[in-house]
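In: give the three-dimensional model of this entry:
(one chain, ligands or ions: 2)
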Amino acid sequence: MVSTDLLQALRILNHTFGYKQFRGQQAEIVQAVCEGKNTLVVMPTGGGKSLCYQIPSLVRPGVGIVVSPLIALMQDQVNALREVGIKAGFLNSSLSYQEVQDVETALYQGDIDILYVAPERLVQDRTLNLLCQIQISLFAIDEAHCVAQWGHDFRVDYLRLYVLAETFPDVPRVALTATADSRTQMEIQRQLMLDEGASFVCGFDRPNIQYRIRQKEQSRQQLLKFIEQEQKDNAGIVYCLSRKKVEDVAGWLSSHGVKSLPYHAGMTSQMREEHQNIFLREEGWVIVATIAFGMGIDKPNVRFVAHLDMPKSIEAYYQETGRAGRDGEAASAVMFYGMEDVVKLGQMLAGSEGNEQFKRHEQQRLNAMLGLCEMTDCRRQALLRYFGETLEEPCGNCDNCLVTPVTWDATQAAQKALSCVYRTGQRFGAGHIIDVLRGADNEKIRRFSHSNLSTYGIGRELSTTQWRSVMRQLMVLGYLQVDEDAFGSLRLTDSCRTILRGEKKLFLREDVNHAKRAIKPARAQQDIADEDLPLWQALRQCRKRLADEQNVPPYVIFSDATLKEMLLHRPLTSMEMLSINGVGDVKLERFGDEFLEVLRDFEYEN
Ligand code: ADP
Ligand code: ZN
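Out: Ligands and ions are numbered 1, 2, ... in the order given. Down below sits the predicted model:
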């Protein structure tokens with residue numbers, strides 16, 4: 001039996017948002033929230049979380065309050081709602097006193113249906129008093145994983161959200177997030193007191209993202225080649241660990257003809273905002289950033305995310321790569337990773353603050369990330385397994401599925417490397433060990449008389465790149481340990497014995513050949529036939545003009561998916577236009593004629 005709530009929800013979905021049907025578990029979630037249940041929603045990025053609280057906010061009487069830490073995005077979110085005719089507003093520290101008063105007045109007068117509030121603003125007495133005087137339909141807590149103190153997005157203000165349950169016991173709370181392992185899910189339920197509610201954990205898989213992890217050789221060149229060959233004029237995010245590297249890479253890409261901008265916490269907030277706005281509003285920009293960039297970046301058509309440094313955990317990796325392809329179209333996640341990442345992260349961990357238990361926990365997370373890099377089976381299966389989900393078949397859309405990795409018997413090479421570490425006194429980094437193995441002649445070799453060692457020059461058969469691959473894998477597999485010191489000195493571990501004695505064979509991944517073999521690039525992103533290109537461009541121009549007039553990003557007018565439907569179905573009347581997914585009543589009225597004119601012009605010309 002279909003409830004009246006659900007019927008009304010469907011009507012709003014069709015007429016207001018212009019979508020034909022609910023996606024995935026949206027219908028069940030909307031129904032549970034409409035019924036007033038406290039609800040936890042874990043749904044991957046791009047899955048459609050917003051509708052899960054926006055529609056119930058409208059179905060239930062009163063104002064829907066959305067708690068979100070993403071102040072920079074509130075204006076865009078509110079604009080997007082206003083474009084479909086929903087009365088929306090926001091309260092955060094960017095507003096002037098007068099603007100705050102205007103919002104408050106609008107609330108009292110019933111002129112707001114959905115209100116976005118920053119968490120620190122929500123828990124102020126003034127705001128709570130205000131909310132006590134109006135009818136509230138629900139509280140939606142977005143990015144709910146921010147309550148977890150061990151997470152990298154922890155927000156102290158989220159801990160104070162328990163006041164919602166205390167002050168408004170009869171108002172349902174719906175918590176939403178894209179990333180939460182089972183421990184974080186429990187923490188959300190505990191902190192926000194969602195007990196005895198409903199919980200929807202939708203799959204984590206992002207099938208449209210192609211995952212590739214490659215050995216780092218000259219990462220800037222590798223990145224440039226990737227962009228030029230596969231992602232020309234596409235929007236993308238490049239992650240680097242340090243601010244300096246961000247600046248370097250952004251400048252370097254620009255000088256090679258890639259429209260790119262830096263973003264990191266050392267820049268002025270004005271500059272950061274400027275770069276973020278260009279990225280959001282213009283087409284085809286690449287942002288080079290530290291992890292300071294990205295949380296809640298709502299741009300749906302980011303076509304690639306590239307990592308030039310390895311993230312510290314699989315959670316971070318999955319969240320960062322998850323910013324690609326929110327619109328469901330083909331997208332790529334590439335990472336260039338090498339021995340220096342393993343050394344650097346190992347050092348950072350050894351030297352970090354925190355008790356032993358914390359360090360052990362971080363070490364485990366780092367090991368899981370390293371395991372993902374080195375594995376030779378399907379990466380998506382491993383990623384999903386990490387989040388407790390099973391993918392029965394290999395995915396066919398990761399590098400290991402597309403090109404089967406080759407392994408080689410590296411037992412002898414490993415023996416040489418390990419004895420060389422031993423002979424040099426276990427106090428040198430990998431670079432020097434490789435120099436000794438390859439019989440290099442340099443100042444350091446002479447200073448320590450290392451050319452007299454029995455292991456000097458015994459490894460000339462492998463290139464430096466190949467040796468780096470061997471050393472990296474020996475570290476990751478736990479045969480070599482990085483010291484805490486600044487030099488990245490390597491020590492043998494107990495497990496080396498079996499290899500040195502020849503009791504165990506060691507097979508390693510062959511990086512070099514693997515990199516040389518071509519991988520089929522991710523599906524060409526737009527799939528627009530040549531003869532359709534003029535109309536496609538005209539529709540996009542129309543969208544950009546309207547967006548500029550309204551001072552909103554283009555996707556707030558219509559998504560790429562909606563424009564593609566227009567291209568496919570060629571609507572010529574208002575009725576036909578209304579049947580396009582993404583065109584609702586208000587958008588038809590506001591923009592319908594402009595797009596119909598473009599479409600009719602093309603029809604007459606042909
Ligand atoms: P999330 O917040 O989970 O990352 P969003 O709520 O931003 O995802 O939705 C992602 C995209 O999918 C948006 O462009 C949205 O308009 C679209 N979308 C959501 N639900 C539907 C639906 N039922 N039908 C068509 N498009 C949808
Ligand atoms: Zn795969």
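In: what's the distance between stretch 482-494 and the middle of its chain?
Out: When C-alpha coordinates are averaged (CA atoms, centre = their mean, to the nearest Å), stretch 482-494 and its chain have centres 33 Å apart.
In: in what helix or strand does F90 lie?
Out: Per DSSP states H and E: F90 is located in strand 88-91.
In: who does that strand pair up with?
Out: Using DSSP bridges, strand 88-91 pairs in its sheet with strand 114-117 (parallel).
In: briefly note if the strand it pairs with comes near ligand 1.
Out: No: for strand 114-117, no contact with ligand 1 is found by CB under 6 Å from any ligand atom; the gap never falls below 13.4 Å. (C-beta placed from N, C-alpha, C; glycine too.)
In: that strand: what's the following helix or strand?
Out: helix 119-122.
In: and the next helix or strand past that following helix?
Out: helix 125-132.
In: the residue of the chain most remote from its centre and G459, how far apart?
Out: Centroid-distance maximum for the chain: N452 at 50.9 Å, with CA atoms, centre = their mean. Computed as CB to CB, to the nearest Å, the N452 to G459 distance reads 16 Å.
In: which parts of the very next helix or strand once past the strand holding F90 are buried?
Out: Of the helices and strands lying after strand 88-91 in sequence (DSSP H and E), the nearest is helix 97-108. Within helix 97-108, the residues that qualify as buried are V100, V103, E104, L107, counting by 16 or more other CB atoms under 10 Å.
In: you'd agree the last one is up against I134?
Out: Yes: using CB atoms under 8 Å, L107 is in contact with I134, at 5.6 Å.
In: identify the contacts common to the two.
Out: Shared contacts of L107 and I134, defined by CB atoms under 8 Å, 6 or more residues apart in numbering, comprise V63.
In: mind giving me the domain split of the protein?
Out: Split into domains by automatic domain parsing, the chain comes to 4-201, 209-356+371-402, 407-509, 530-605.
In: close to ligand 1: what parts of the stretch 201-350 of the chain are there?
Out: Residues of the stretch 201-350 of the chain lying near ligand 1 (CB under 6 Å from any ligand atom): P300, R326.
In: pLDDT-wise, which helix or strand of this structure ranks last?
Out: Across the helices and strands of the chain, mean pLDDT, DSSP states H and E gives its lowest value to helix 511-516, namely a mean of 54.
In: residue ranges with poor pLDDT in the stretch 151-300 of the chain?
Out: 295-296 (pLDDT under 70).
In: so where's the protein uncertain?
Out: 1-2, 295-296, 485-486, 512-527.
In: so how far is stretch 360-369 off the chain centroid?
Out: That offset, for stretch 360-369, works out to 20 Å (CA atoms, centre = their mean).
In: what sits up against it?
Out: When contacts are defined by CB under 8 Å, 6+ apart, stretch 360-369 is touched by residues 150, 310-315, 317, 345-346, 349, 352, 354, 386.
In: what does stretch 471-480 give?
Out: Residues outside stretch 471-480 that contact it (CB under 8 Å, 6+ apart): 338-339, 342-343, 346, 370-371, 373-374, 410, 414, 417-418, 421, 430, 433-434, 481-482, 490-493, 495-496, 499, 506, 508-509.
In: so P571 makes contact with S579?
Out: Yes: the pair formed by P571 and S579 meets the contact definition of CB under 8 Å, at 7.2 Å.
In: which one's more surrounded, the two?
Out: It is P571, of P571 and S579, that has more neighbours when counted by other CB atoms under 10 Å, with 20 against 13.
In: enumerate every residue touching L383.
Out: So L383 contacts F204, Y211, I314, Y318, L372 (CB under 8 Å, 6+ apart).
In: try P56
Out: With CB under 8 Å, 6+ apart, P56 has these contacts: A9, V30, V33, C34, G64, S137, L138, V174.
In: tell me which element A140 falls in.
Out: strand 136-141.
In: output the contacting helices and strands for the next helix or strand after that strand.
Out: Note on strand 136-141: by DSSP H and E, the next helix or strand toward the C-terminus is helix 162-167. With contacts taken as 3 or more CB pairs under 8 Å, 6 or more residues apart in numbering; DSSP states H and E, helix 162-167 sits against helix 125-132.
In: fine by me, we can end here.
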